[in-house]
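[1] sequence first, predicted coordinates after that:
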Amino acid sequence: PPDDPPLVGVSAEQVEKPVWDVERPAVTLADVAGLDEVKQHLNGAFLLPMRNPEMARMFGKAARGSLLMYGPPGCGKTFIARAIAGELEANFVHATLADLVRPHFGETEQAIHSLFEAARAARPCVIFIDEFDAIGGRRTSGGSSSQYLRMFASQLLEEFDGVDADNDGIYILAATNRPWDVDPALRRPGRLDRTVLVLPPDEPARVAIVENTLRDKPVAAVDAREVARRTAEFSGADIAYVVHQAIEAAFTESVASGVPRMIGTADLERAAARVVPSTREWFEQIKPVLEYGIDDGTFGQLRAYLKRHRI
């Protein structure tokens, strides 16, 4: 018999809606080690208005907000998003690319709608969308994916604007490593019109990452500050990898000798020397964007950081 025709579309009734995990984060920005510049910017540009709903109502402002976080991968954007929800005493829903992008026509739009419906049912609620450029990318003409991006972006715009539902008590956070690829329509006032740059961890944050990753491990006198000094360009994920490599080296030697060996500063220094910071590639990628692209003010923080650190 002939093969069944390919499924090119699905009705709303046929779509298996994702089940969204709604959590109430216990962490706040006080649990984020270091990153004082990021926290100051978050407080001034986003959290301060959100913490004063009575004042907002007096001035006719809705109890909602949105923010785009950008920066190198592995620098803690997801943790910061949870901390923001904790600061707002709000519920939290985390949507990844795998949660939203579906194989059949119309399913992704339904998944986006169900995400916002779940958040509206749990308000006050923070929606955090990771890898936002892949779902809210530029709707450029041409290219096999342009039609899908137009439909995804249109659905996001409908949800952001609250066309069919009230978005009071909904806070939208998005994270991207490629802010230049986000569709400009999603960055207009009332949408993701505020940005914060999440940079590689500063020294206090690097010390905290080393100490937290080594917690409950067989450790000798590790100089976490010296390790932090040697990992100045590293992302948080890079530093965690360095620590795990040091743990693996000590474990392997212990198994081979039959005698447990403590993890020391030298193990971490050797591991760090073998790792190339992943942030370097991101900074190289964004330099042409800063030099030749159109900057609507998004990259002001980044330009200052590059100048200050002579990158």
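    Perfect, thanks for sending it. Residues are numbered from 1 along each chain as shown.

[2] all the strands of the stretch 51-200 of the chain, in order from the start?
    65-70, 91-95, 125-129, 170-176, 195-197 (DSSP state E, counting those that start in this stretch).

[3] helices or strands next to the third one in the packing?
    Where contact means 3 or more C-beta pairs under 8 Å, 6 or more residues apart in numbering; DSSP states H and E, strand 125-129 is packed against helix 77-87, strand 91-95, helix 107-121, strand 170-176. Heads up, the C-betas are built off the backbone N, CA and C, glycines and all.

[4] kindly recompute the last result at 10 Å.
    Where contact means 3 or more C-beta pairs under 10 Å, 6 or more residues apart in numbering; DSSP states H and E, strand 125-129 is packed against strand 65-70, helix 77-87, strand 91-95, helix 97-100, helix 107-121, strand 170-176.

[5] Trp282 is nearest to which of these?
    Checking the helices and strands packed on strand 125-129 against Trp282 by C-beta to C-beta gives strand 65-70 as the closest, at 10.0 Å.

[6] partner strands of the closest one, with direction?
    Taking DSSP bridges as the criterion, strand 65-70 forms sheet pairs with strand 170-176 (parallel), strand 195-197 (parallel).

[7] send me that strand as CSV with only the CA atoms.
    This file holds the C-alpha atoms of strand 65-70, laid out as CSV (Å, rounded to 0.1, in the frame of the first residue of the first chain):
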residue,chain,number,x,y,z
GLY,A,65,8.2,43.6,33.1
SER,A,66,10.6,42.1,30.5
LEU,A,67,14.4,41.8,30.2
LEU,A,68,16.9,40.4,27.8
MET,A,69,20.1,39.0,29.3
TYR,A,70,23.0,38.5,26.9
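
[8] how far off centre is that strand?
    Taking the mean of its C-alpha atoms, strand 65-70 sits 10 Å from the chain's own mean (C-alpha atoms, centre = their mean, to the nearest Å).

[9] got the angle for it vs strand 125-129?
    Here strand 65-70 runs at an angle of 30 degrees relative to strand 125-129 (axes from the mean of the first three to the mean of the last three C-alpha atoms, to 10 degrees).

[10] now the angle between helix 77-87 and strand 65-70, please.
    160 degrees.

[11] about what we covered before: so can I have a markdown table of the strands of the stretch 51-200 of the chain showing mean neighbour count and mean pLDDT?
    Below are those laid out as a markdown table (neighbours: other C-beta atoms under 10 Å; pLDDT from 0 to 100):
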| stretch | mean neighbour count | mean pLDDT |
| --- | --- | --- |
| strand 65-70 | 23 | 90 |
| strand 91-95 | 22 | 95 |
| strand 125-129 | 25 | 95 |
| strand 170-176 | 25 | 93 |
| strand 195-197 | 23 | 90 |
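
[12] using a markdown table, please lay out these together with distance to Gly162.
    Converted to a markdown table, these look like this (distance: least, C-beta to C-beta, whole Å):
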| stretch | distance to Gly162 |
| --- | --- |
| strand 65-70 | 12 |
| strand 91-95 | 17 |
| strand 125-129 | 13 |
| strand 170-176 | 8 |
| strand 195-197 | 21 |
